[in-house]
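Chemist: just to be clear, the model below is a prediction. Sequence and coordinates:
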Amino acid sequence: MMQFLLMGGYAVYVWPSVALALAVLALNILWARRSLASAQREARRRFAHGRREPV
Amino acid sequence: MNARQEQVNAPAVERQPANDGLARAVVGLARRDLRVALRRSGDTLQPLGFFLIVTTLFPLALQPEVSLLRDIAPAALWVGALLASLLALDLLFREDAQDGTLEQLALCGQPLASLVLAKTAVHWLLTGLPLVVVAPLAAMALGVPAAALPAVLAALVLGSVTLSLIGAVGAGLTMGMRRNGSLLAMLVLPLVVPVLIFGARATAFAIGGEAVAAPLYLLGAMAVLAVTLAPFAVAAAVRIGLE
Amino acid sequence: MAWVWFHRFGSPPYFYRVAGRLTPWFAWPALVLCLAGLVWGLGFTPPEWHQGDGFRILYIHVPAAWLSVQVYVVMALAAAVGLIWRMKVAHAVAASCATLGASFTVITLGTGMLWGKPMWGTFWAWDPRLTSELLLLFLYLGYIGLRSGFDDTARADRASAVLAIVGVVDVPIVNYSVVWWNSLHQGPSIIRAGGPAIAVPMLIPLLLMIVGFYCYFAAVLLVRVRGEILRRERNAQWIAEELAAPGAGVGSGGGSGAIAGTFQGASVPNSPAGHARI
């Protein structure tokens, strides 16, 4: 386990790489979901109250 | 405005074969562009001045030691050429877009790709070619031996053609935007990195007395590719910019 | 037969619905594959004789590099389809690829630098792959910058499509010139660590990661494209009907509500009766 965490001395390079990748990937998921959600919210607002025509 | 009238009238009024109309349109457009540019020679000379100043900056930023300058000469010449041609791109479409000429060109019935190729060719004659003419001054100031000059100039000729054409695509795309020179640079510079690499290498080889054939051929190939393909991209970009 | 599907996917409402249902089918495999590949690669492959455990960065660096180029190609293809067939969905796909591609490039550059430091002694040594990736990043940023300069989405779509197509033609030339430039100096090359003789036990987690990254790209792309479609189709009638239907929220489709929880903590509740509220 210790060997895994220490990465044979390269830990300071390997783990930040993993962290960078995970952070960027997670950010992208977040942005994508937020973008879709805001688009849906916006669309719902425009068609609110069962209108047939957009606002 | 004989040239403009000629070019706008030719396709609509005369029932000549398409080739003839196109040739006349291209020639008319080229003559008109030359006339307008020569009237504003100040504008066309500015990029030249910029090129000379930039290449002067390099020795000023280092020591004026000839052997050192000779080492950085390829870099200074080509970075200067790249930046100067970027500046010069402003002249290509902006005026014509603003006064409506470009719209006329797009609507006149001749293939827009040919017309923009003509425009870019004239633009190169006015900005790229003078750069090559002035380059020996900058080159000698940077310690480039006279024997290397023919190769250096050949590289600059070929490279500047590609720069003008790819730059024209960028100029067409950013045409409608408020003055955003840095966006144009961001778009064009990554695309012209091969020109920089091959051109600077050719210059370095020439200075060192080695064979320059390889990078020159590559520059030539890029120029040919650019001349054949770029006009269509430029035409598409111009149409989008005119909307 | 293929044309039928082509035009079907080009229809915004169809794409919107199908994308919603397809997302979990890419999202779950992405998670599983990446996790498996990462754990296997980091923990269970033998250390390389020359670089010790440092080479394990390869399991992130190589898939990210591979994807960063693939995403650009997809972006350019989608842009071309959008330009030629005037397909809004295609333009939406191209637009959605940009940030994803740039992100992969950033990961590649970051991990490349972190790999380079112990290997070459410096964070940056103008290795041809990293230099090409840097230029690719500039291309992505230029694309994003061009898009943001237009107020009208349609014009932005078409202008950036021209740029993407010019870019994709130029990228091989740029890569070749960088390799040529670098070969003159016999500089270091990162991929030497793996090379063609990469051992099978090292290869499998790498493949897992690559496929996992592809699935991730597909999943996130689908989510983004749905948002882009909604924005482009602003006043279309089908949107009213689509949003009024139950289960039509961010987490629509079978079981993806659970994924919403997994990927984003507990912030996206998906009530069984209605749509998700953010």
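Modeler: Perfect, thanks for sending it.
Chemist: residue in chain B nearest to chain C?
Modeler: Nearest residue of chain B to chain C (CB to the nearest CB) works out as B:P194 at 3.7 Å. Using the backbone N, CA and C atoms, a C-beta is placed for each residue, glycine as well.
Chemist: for that residue, which residues are in contact?
Modeler: B:218, B:222, C:170, C:173-174, C:176-177 (CB atoms under 8 Å, 6 or more residues apart in numbering or on different chains).
Chemist: just say helix, strand or coil for it.
Modeler: helix (DSSP: H, G, I helix; E, B strand; the rest coil).
Chemist: how about it, nearest residue that isn't a chain neighbour?
Modeler: Residue nearest to B:P194 in three dimensions, not counting chain neighbours: C:S177, with 3.7 Å by CB to CB, 6 or more residues apart in numbering or on different chains.
Chemist: count of neighbours near that neighbour?
Modeler: Neighbour count of C:S177, defined by other CB atoms under 10 Å in any protein chain shown: 24.
Chemist: ok, it to B:P231 distance?
Modeler: Separation of C:S177 from B:P231 (CB to CB, to the nearest Å): 23 Å.
Chemist: and if you look at C:G142?
Modeler: Distance from C:G142 to B:P231, by CB to CB: 21 Å.
Chemist: how about C:P172?
Modeler: From C:P172 across to B:P231, the span is 21 Å (CB to CB).
Chemist: is it true that B:V116 touches B:P231?
Modeler: Yes: if you go by CB atoms under 8 Å, B:V116 and B:P231 touch, sitting 5.7 Å apart.
Chemist: who has more neighbours, the two?
Modeler: B:V116 (30 against 24).
Chemist: need the contact list for the more buried one.
Modeler: B:V116 touches B:105, B:168, B:172, B:231, B:234-235, B:238, counting by CB under 8 Å, 6+ apart.
Chemist: just the buried residues of the residues you listed.
Modeler: B:105, B:168, B:172, B:231, B:234-235, B:238 (16 or more other CB atoms under 10 Å in any protein chain shown).
Chemist: which one among these gets closest to C:A80?
Modeler: The shortest approach to C:A80 among the buried ones among the contacts of B:V116 belongs to B:A235, at 15.9 Å (CB to CB).
Chemist: close to chain C, is the helix or strand in which the closest one is found?
Modeler: Taking DSSP states H and E as the criterion, B:A235 maps to helix B:213-242. Yes: Helix B:213-242 is in contact with chain C by CB under 8 Å from any CB of the partner chain, via B:218, B:222, B:229-230, B:233, B:236-237, B:240-241.
Chemist: which bits of chain C sit near chain B?
Modeler: Within chain C, the positions near chain B by CB under 8 Å from any CB are C:83, C:135, C:138-139, C:141-142, C:145-146, C:149-150, C:152, C:155, C:158-159, C:162-163, C:165-167, C:169-170, C:173-174, C:176-178, C:180-181, C:184.
Chemist: run the last query once more with 6 Å
Modeler: When proximity is defined as CB under 6 Å from any CB of the partner chain, chain C approaches chain B at C:135, C:138-139, C:142, C:145, C:149, C:155, C:158-159, C:162, C:166, C:170, C:173-174, C:177, C:181.
Chemist: and the furthest pair within the contacts of B:P194?
Modeler: B:L218 and C:D170 (13.8 Å).
Chemist: residue ranges with poor pLDDT in chain C?
Modeler: Judged by pLDDT under 70, chain C has its weakly predicted residues at C:48-51, C:185-199, C:244-278.
Chemist: rerun at 50
Modeler: Within chain C, the stretches with pLDDT under 50 are C:188, C:190-196, C:246-248, C:251-278.
Chemist: where's the residue in it positioned nearest to chain B, which helix or strand?
Modeler: Scanning chain C for proximity to chain B using CB to the nearest CB identifies C:S177 as nearest, at 3.7 Å. If you go by DSSP H and E, C:S177 is part of helix C:153-183.
Chemist: can you tell me which residues contact the residue nearest the centre of chain B?
Modeler: Note on chain B: the residue nearest the mean C-alpha position is B:S164, at 2.6 Å, using CA atoms, centre = their mean. Listed by CB atoms under 6 Å, 6 or more residues apart in numbering or on different chains, the contact set of B:S164 reads B:120, B:124, B:128.
Chemist: now the last one, nearest residue through space, not along the chain?
Modeler: Beyond its immediate neighbours in the sequence, the residue positioned closest to B:G128 (CB to CB, 6+ apart) is B:S160, lying 3.6 Å away.
Chemist: fine by me, thanks again.
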